[in-house]
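**Student:** After the sequence you'll find the predicted model.
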Amino acid sequence: MPATVTFRLGTLGALVTERFTAKLADLDLKPKHVGVLTVLAGGPPTSQQELAGLMGVAPSLIVSLADHLESIGAIARTRDPGDRRRMVLTLTPPGRKLLAKCAGLARDLDAELTGSLSADQRDQLAGALGHLAAENGLPT
């Protein structure tokens, strides 16, 4: 079983999540906060419900994540004028700066994780992971 892609991606995913979580600690963020920022940066303002669907998480988790991100000024939460029940989330300028810091931390972790690979191996790995992500409906 340890030689399966499933096992290796699962254990590496857990390791990467643990290390990324540690890198984000000084920013008072967790990886799911970064996920929210990333989704909001990639498109138009979206509702909390839509964001939950895009991220594949419970709406109640989005509310909790958005509460924290709003409290630190990274996102703005406003009522949709067309549907007063709908809360729309947008990334703020400070949120964009925070996301850029997170991206830098992710690149640092990428370098740590792939430092023993050749440039060609890193490119092949990135290509294969991008292909698998696309095939499974995930962002690439």
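**Tutor:** Sure, I can see it. Numbers count the residues shown, from 1 in each chain.
**Student:** which residues of this protein fall in helices?
**Tutor:** 5-24, 31-41, 48-55, 59-71, 93-114, 119-135 (DSSP state H).
**Student:** And residue 98, how far from residue 63?
**Tutor:** Remark: distance between residue 98 and residue 63 (Cβ to Cβ, to the nearest Å) = 19 Å. C-betas here are computed from N, CA, C, even on glycine.
**Student:** the more surrounded of those two?
**Tutor:** Per other Cβ atoms under 10 Å, whichever of residue 98 and residue 63 has more neighbours is residue 98, with 23 against 15.
**Student:** wait, the more buried one sits on residue 27?
**Tutor:** Yes - counting by Cβ atoms under 8 Å, residue 98 does reach residue 27; the two are 6.8 Å apart.
**Student:** Closest to the centroid, which residue in the protein?
**Tutor:** The centroid of the chain falls nearest to residue 35 when counting by Cα atoms, centre = their mean (2.4 Å).
**Student:** Need the pLDDT of it.
**Tutor:** If you check residue 35, the pLDDT there is 94.
**Student:** now do residue 26
**Tutor:** pLDDT, read off for residue 26, is 95.
**Student:** before we move on, what about residue 44?
**Tutor:** Residue 44 carries a pLDDT score of 84 in this model.
**Student:** burial count for residue 24?
**Tutor:** Counted by other Cβ under 10 Å, the residues lying close to residue 24 total 18.
**Student:** what's near enough to touch it?
**Tutor:** If a contact means Cβ atoms under 8 Å, 6 or more residues apart in numbering, then residue 24 has 30-31, 33-34, 102, 105 as its contacts.
**Student:** Please apply the same query to residue 106.
**Tutor:** For residue 106, the contact set (Cβ under 8 Å, 6+ apart) comprises 20, 34.
**Student:** Can you give me the buried ones in the longest strand belonging to the chain?
**Tutor:** The residue-count maximum for a strand in the chain (DSSP state E) belongs to strand 83-91. Using 16 or more other Cβ atoms under 10 Å as the test for burial, strand 83-91 gives 87-89, 91.
**Student:** and stretch 102-113, how far out from the chain's middle?
**Tutor:** Using Cα atoms, centre = their mean, to the nearest Å, the mean C-alpha position of stretch 102-113 is found 13 Å from that of the whole chain.
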